[in-house]
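Asks: coordinates only, sequence not included:
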Ligand code: SF4
């Protein structure tokens, strides 16, 4: 499966996305149930707070061959800083709407410790379970 990765601009300067790529390579985290090889065809950021460019960038990656979009764990689970994106639910929803129902959107990439998940559950909007639960 060809995927495009959307990551947090605020995290980009400290994280090389190594755990995202490891999860894809080793079929872990969000990709644990994927039977086929995961090939990342592109990486882009949300564009900076409040993430308004994420949807357009995701759509562009679909035009360039992505069959699924991955919202990186730095956005939805707050790795590595225990600081989930305060806009992560809206960001994910707008990406889903932009790419349409035929394109799966993964709500995280790699797994995160429980302490991250607790913060993610409280961030982003009013309700709903933390990604990956
Ligand atoms: S909108 Fe969220 S994902 Fe984008 S830079 Fe800001 S905190 Fe990071």
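Replies: Received the coordinates, thanks. On a predicted model such as this, the values are computed, not experimentally measured, just so you know. Residues are numbered from 1 along each chain as shown.
Asks: contacts and neighbour counts: CA atoms only from here.
Replies: OK.
Asks: assumed residue 70 was part of a helix.
Replies: No - membership of residue 70 in a helix is not supported by DSSP: H, G, I helix; E, B strand; the rest coil, which gives strand.
Asks: need the pLDDT of it.
Replies: pLDDT for residue 70: 98.
Asks: is it in contact with residue 110, as I believe?
Replies: No - between residue 70 and residue 110 there is no contact under Cα atoms under 8 Å: 10.3 Å.
Asks: near the ligand, anything from the helix or strand harbouring residue 119?
Replies: Counting by DSSP states H and E, the element that carries residue 119 is helix 114-122. No - if you take Cα under 6 Å from any ligand atom as the test, helix 114-122 misses the ligand, and the best it gets is 11.9 Å.
Asks: pull the distance from the one helix or strand in the chain whose mean pLDDT sits lowest to the chain's centre.
Replies: One helix or strand of the chain scores below all others by mean pLDDT, DSSP states H and E: helix 114-122, with a mean of 78. Its chain's C-alpha centre and that of helix 114-122 lie 15 Å apart, by Cα atoms, centre = their mean, to the nearest Å.
Asks: list the buried residues of the helix holding residue 119.
Replies: By 16 or more other Cα atoms under 10 Å, the buried positions in helix 114-122 come out as 116-121.
Asks: give me every residue in this structure lying close to the ligand.
Replies: 8-10, 46, 48-51, 75, 85, 87.
Asks: ok, residue 106 - contacts?
Replies: Residues near residue 106 by Cα atoms under 8 Å, 6 or more residues apart in numbering: 30, 68-71.
Asks: swap the cut-off to 7 Å and go again
Replies: Residue 106 is in contact with 30, 69-71, counting by Cα atoms under 7 Å, 6 or more residues apart in numbering.
Asks: strands along the chain, start to end?
Replies: Assigned by DSSP state E, the chain shows strands spanning 2-7, 39-45, 68-71, 105-106.
Asks: so where's the protein uncertain?
Replies: 125-133 (pLDDT under 70).
Asks: my read: residue 8 touches residue 75, true?
Replies: Yes - between residue 8 and residue 75 there is a contact under Cα atoms under 7 Å: 5.6 Å.
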